[in-house]
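Undergrad: Coordinates for the following, if possible.
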Amino acid sequence: MGTSAAQNDLGVAAVVIGILAVVSGVLYFPIGVILGLVGIGVGIAGRRRVQRGEAANGRRAATGLALSVLGLLVAVGVGLLFGFVVKAANEKCGDTELSPAEQQQCLDEELD
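TA: Coordinates of the predicted model:
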């Protein structure tokens with residue numbers, strides 16, 4: 001069990017990174033994207049260790065991989081939503097005839 005237990009760390013890491021990717025994808029999407037990509041790599045590496053017989057936690061590595069993919073998708077979705085909201089607000093409030101104070105007031109009203 002010594003070798004197997006020592007090699008199971010990638011599966012555990014994949015789950016932790018996957019959970020962080022999902023949470024970060026909602027709260028701060030750029031970090032969610034980065035963690036999602038890292039988690040995918042770690043999850044794949046964990047699955048490969050299981051396939052080679054070097055680890056015994058295939059389900060945990062697969063769960064981490066799935067959570068990382070979900071985190072990446074959530075982060076990309078939140079990022080796209082954020083981009084659409086900012087673009088719509090800019091189109092409405094970006095009129096050059098408005099003073100900077102009026103533009104700020106318009107943005108405050110649109111983004112609330």
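
Undergrad: tally of neighbours for residue 90?
TA: When neighbours are counted by other Cβ atoms under 10 Å, residue 90 registers 13. (Glycine included, C-beta is placed from N, CA and C.)

Undergrad: List phi and psi for it.
TA: phi -70, psi -40 (degrees, to the nearest 10).

Undergrad: I'd like to know how far it sits from residue 99.
TA: Residue 90 is 16 Å from residue 99, where distance means Cβ to Cβ, to the nearest Å.

Undergrad: now swap in residue 111 and tell me
TA: Distance, residue 111 to residue 99, using Cβ to Cβ: 18 Å.

Undergrad: between the two, which one's more packed in?
TA: residue 111 (11 against 8).

Undergrad: which ones are touching the more buried one?
TA: Taking Cβ atoms under 8 Å, 6 or more residues apart in numbering, we find residue 111 in contact with 85, 89.

Undergrad: Centre of the chain to stretch 15-23, how far?
TA: 8 Å (Cα atoms, centre = their mean, to the nearest Å).

Undergrad: do stretch 49-57 as well
TA: With Cα atoms, centre = their mean, you get 26 Å for stretch 49-57.

Undergrad: Helix or strand: which one has the most centrally placed residue in the chain?
TA: For the chain, the residue sitting closest to the mean C-alpha position, by Cα atoms, centre = their mean, is residue 32 at 2.4 Å. For residue 32, the host element (DSSP states H and E) is helix 29-51.

Undergrad: How about residues contacting that helix?
TA: Here helix 29-51 makes contact (Cβ under 8 Å, 6+ apart) with 7, 10-11, 13-14, 17-18, 20-26, 55-58, 60-62, 64-69, 71-76, 78-79, 82.

Undergrad: Restricted to helices, list those residues.
TA: 7, 10-11, 13-14, 17-18, 20-26, 58, 60-62, 64-69, 71-76, 78-79, 82 (DSSP state H).

Undergrad: So among these, which ones count as buried?
TA: 7, 10-11, 13-14, 17-18, 20-22, 24-25, 60-62, 64-69, 71-75, 78 (16 or more other Cβ atoms under 10 Å).
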